[in-house]
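Enquirer: Sequence and computational prediction follow.
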Amino acid sequence: MNVKIDHNEQPENPYLIMNFWDFAILSTLMCTFFPWSLLFCLFVYGLEETKYICLALIHDALKTFLAVISILVPILGLILFIIFMVVE
């Protein structure tokens, strides 16, 4: 039996698979106590876990930004369409 082991495979970020409420509490605390929370995570959890937390926060912020943009663009387009239809 021949088993391939890939040593270049990156471990999965455990903070990306957290449920909504746990991650909401984590991100709220990280943002509220920002400089101290980052230092706390660095000293208590280590560099790798702190990197995973920061990447998960950035990932969540980008998803939230894209969700807000995807809602606002059609609404603004509809408002502009209605305004131009009334003007004519």
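Expert: Arrived safely. Everything numeric in this text was worked out from a predicted model, so none of it was measured.
Enquirer: what about residue 47, distance to residue 54?
Expert: Per C-beta to C-beta, to the nearest Å, residue 47 is found 11 Å from residue 54. C-beta: built from backbone N, CA, C; applies to glycine.
Enquirer: mind checking how far the longest helix along the chain is from the chain centre?
Expert: When the chain is parsed with DSSP state H, its longest helix is helix 47-87. Chain-centre distance of helix 47-87: 12 Å, with C-alpha atoms, centre = their mean, to the nearest Å.
Enquirer: Look at residue 47 and residue 54 and report which has more neighbours.
Expert: residue 54 (14 against 10; other C-beta atoms under 10 Å).
Enquirer: Please tell me how far that one sits from residue 27.
Expert: Residue 54 is 11 Å from residue 27, by C-beta to C-beta.
Enquirer: just residue 78 next, same as before
Expert: From residue 78 across to residue 27, the span is 32 Å (C-beta to C-beta).
Enquirer: between those two, which one's more packed in?
Expert: Taking other C-beta under 10 Å, residue 78 and residue 27 do not tie; residue 27 has more neighbours (18 against 10).
Enquirer: Just to check, that one is in contact with residue 57?
Expert: Yes: the criterion here is C-beta atoms under 8 Å, and residue 27 meets it with residue 57 at 5.7 Å.
Enquirer: and residue 75, what is it in contact with?
Expert: By C-beta atoms under 8 Å, 6 or more residues apart in numbering, the contact list for residue 75 is empty.
Enquirer: Next one: it, what pLDDT does it get?
Expert: For residue 75, the pLDDT comes out at 96.
Enquirer: do residue 6 as well
Expert: For residue 6, pLDDT reads 58.
Enquirer: what does residue 53 give?
Expert: 92.
Enquirer: what about residue 15, how many neighbours?
Expert: By other C-beta under 10 Å, neighbour count at residue 15 equals 19.
Enquirer: Check the secondary structure at residue 10 for me.
Expert: coil (DSSP: H, G, I helix; E, B strand; the rest coil).
Enquirer: Cheers, nothing more for now.
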